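Asker: test case, fold it:
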Amino acid sequence: MLLAGDIGGTKTQLALYEPGADIHTPAITATFPSGQYGSLEAVIGDFLRETGAQVTHASFCVAGPVVAGRAKITNLPWMIEEETLAATLHLSGVRLLNDLEAIAAAVPLTTPDDLHTLNAGEAVAGGPIAVIAPGTGLGEAYLTWDGGTYRAHASEGGHADFAPNTPQQIEMLIYLMRRYGRVSYERVISGLGIPNIYDYVRGSGYAPESPALAAHLAGATDRAPIIVAAACADDADALCTEALRLFVAVLGAEAGNLALKIFATSGVYLSGGIPPRILPALSDGQFMHAFADKGRFTELLSRVPVHVIIHPIALLGAARYGTEMM
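Answerer: Numbers count the residues shown, from 1 in each chain. Predicted structure coming up:
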């Protein structure tokens with residue numbers, strides 16, 4: 001039996017898969033609050049005791065880089081090692097992978113019900129595929145065809161230098177450089193970045209800030225959901241609307257950059273926690289305009305399929321890797 005998991009700083013989702021079963025339908029799933037445990041081994045111990053399952057292999061995707069079979073989880077004091085897990089849990093094989101690599105691995109397994117299409121495009125069979133995922137941070141990954149199947153590859157492209165392409169974005173870069181020094185794309189197009197964009201728009205004098213919104217933001221630990229909600233409301237706030245418009249424009253431009261870098265002729269997929277929540281803003285044309293606005297390559301990018309993944313698929317990607325071990 002296979003144990004697969006999606007390990008995050010807030011929650012850990014575990015699932016069991018019977019041999020030969022469809023990995024879209026795990027036999028058992030359970031979610032645990034990560035912060036209440038001292039290690040992944042402790043979470044797994046509780047899960048196996050509750051289920052009485054006997055597992056032989058395990059595959060986990062983690063919120064952080066994986067190097068030589070080891071991973072330090074972002075926002076948790078956990079160090080996870082493949083060899084230690086295998087020895088502690090008496091498993092025949094353990095695989096750790098970055099969560100964006102897992103999402104990428106699951107892309108070929110998605111169904112139309114998992115997707116919201118922004119651009120139907122013309123997919124080239126066997127062409128590279130790009131994945132860009134704004135959530136708490138900004139993840140990027142890609143897939144290449146090996147002649148028989150798609151293989152996923154992790155990256156840390158979200159930490160590349162932010163490249164503005166309008167006068168307003170140049171002003172925003174200068175504003176953020178004064179705050180942070182170096183400015184990556186993650187500082188702009190992520191849950192961490194949305195408040196940065198809002199602060200710039202407010203500071204630019206674009207519109208007055210609502211006292212009620214200011215009070216709401218002042219008491220919030222995470223301002224991004226408040227800003228997005230205010231931008232998407234029927235009585236949308238002007239500052240939040242402009243912040244979301246800038247977010248979508250920069251996200252579109254960076255998604256187009258990623259498509260160019262890997263020549264993503266089979267498509268670009270948006271994942272992460274933010275895109276499903278802002279589908280109307282992504283669908284009104286400004287995202288695709290920024291995506292394809294690449295000079296001599298505009299026509300090429302206009303033919304690239306672009307989809308939003310509207311359901312979580314990281315666990316599915318981890319399970320795919322696990323079944324390949326068995």
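
Asker: phi first, then psi, for residue 192.
Answerer: Torsion angles at residue 192 (phi, psi; degrees, to the nearest 10) stand at phi -70, psi -30.

Asker: how near is it to residue 135?
Answerer: According to Cβ to Cβ, to the nearest Å, residue 192 stands 10 Å off from residue 135. Yep, even glycine has a C-beta here, placed from its N, CA and C like the rest.

Asker: and the helix ranked longest in the chain, which residues are buried?
Answerer: What stands out as the longest helix in the chain, according to DSSP state H, is helix 238-262. By neighbour count with 16 or more other Cβ atoms under 10 Å, helix 238-262 contains the buried residues 239-259, 262.

Asker: stretch 21-36 too?
Answerer: Neighbour-count burial for stretch 21-36 [16+ other Cβ under 10 Å]: 23, 26, 32, 34.

Asker: next, format the residues you listed as TSV and append distance to residue 40.
Answerer: What follows is the buried residues of stretch 21-36, written out as TSV (distance: Cβ to Cβ, whole Å):
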residue	distance to residue 40
23	21
26	18
32	10
34	9
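
Asker: out of those residues, which one sits closest to residue 51?
Answerer: Nearest to residue 51 among the buried residues of stretch 21-36: residue 26, at 11.3 Å, using Cβ to Cβ.

Asker: so is the closest one in a helix, a strand, or just coil?
Answerer: Counting by DSSP: H, G, I helix; E, B strand; the rest coil, the backbone at residue 26 sits in coil.

Asker: quickly note the distance from it to residue 315.
Answerer: Separation of residue 26 from residue 315 (Cβ to Cβ): 8 Å.

Asker: residue 251 too?
Answerer: From residue 251 to residue 315 the distance is 24 Å (Cβ to Cβ).

Asker: now do residue 224
Answerer: 24 Å.

Asker: which residues touch the residue found closest to residue 237 once you drop the neighbours it is linked to in the chain?
Answerer: Excluding its sequence neighbours, the residue lying closest to residue 237 (Cβ to Cβ, 6 or more residues apart in numbering) is residue 230, at 4.1 Å. Residues near residue 230 by Cβ atoms under 8 Å, 6 or more residues apart in numbering: 213, 236, 237, 240.

Asker: and the helices in this protein?
Answerer: Going by DSSP H, the chain shows helices at 40-51, 82-89, 99-106, 167-180, 193-203, 211-218, 224-232, 238-262, 279-283, 286-292, 298-302, 314-325.

Asker: packing partners for the third one?
Answerer: Secondary-structure packing of helix 99-106 (3 or more Cβ pairs under 8 Å, 6 or more residues apart in numbering; DSSP states H and E): strand 2-7, strand 57-62, strand 129-134, strand 138-145, strand 150-154, helix 314-325.

Asker: between strand 138-145 and the last one, find me the angle.
Answerer: The one in question is helix 314-325. 40 degrees (axes from the mean of the first three to the mean of the last three Cα atoms, to 10 degrees).

Asker: straight-line length of stretch 109-121, end to end?
Answerer: 19 Å (Cα to Cα, to the nearest Å).

Asker: buried stuff in it?
Answerer: So stretch 109-121, judged by 16+ other Cβ under 10 Å, has buried residues 110, 114, 115, 116, 118, 119, 121.

Asker: and of the residues you listed, the nearest to residue 311?
Answerer: So of those, ranked by how close each gets to residue 311 (Cβ to Cβ), first place is residue 114, at 5.0 Å.

Asker: quick one, grab the pLDDT at the residue nearest to the closest one when sequence neighbours are not counted.
Answerer: Of all residues not flanking residue 114 in the chain, residue 311 sits nearest, at 5.0 Å (Cβ to Cβ, 6+ apart). Note on residue 311: pLDDT of 93.

Asker: do the same with residue 102
Answerer: Residue 102 is given a pLDDT of 96.

Asker: tell me how many other residues crowd it.
Answerer: Counted with other Cβ atoms under 10 Å, the neighbours of residue 102 add up to 28.

Asker: which ones are touching it?
Answerer: Residue 102 sits next to 6, 61, 152, 314, 315, 316, 317, 318, 321 when contact means Cβ under 8 Å, 6+ apart.

Asker: drop anything exposed from the contacts of residue 230.
Answerer: 213, 237, 240.

Asker: would a markdown table of those with pLDDT and distance to residue 53 be doable?
Answerer: As requested, these are exported to a markdown table (pLDDT from 0 to 100; distance: Cβ to Cβ, whole Å):
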| residue | pLDDT | distance to residue 53 |
| --- | --- | --- |
| 213 | 97 | 49 |
| 237 | 97 | 49 |
| 240 | 98 | 47 |
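
Asker: pipe those residues into CSV and attach distance to residue 93 per row.
Answerer: Listed next are those as CSV, based on distance: Cβ to Cβ, whole Å:
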residue, distance to residue 93
213, 51
237, 51
240, 48
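
Asker: residue 10: which of these is nearest?
Answerer: For the buried ones among the contacts of residue 230, the nearest to residue 10 is residue 240 (24.6 Å; Cβ to Cβ).

Asker: quick check: the closest one touching residue 197?
Answerer: No - with contacts counted by Cβ atoms under 8 Å, residue 240 stays clear of residue 197, the gap being 9.7 Å.
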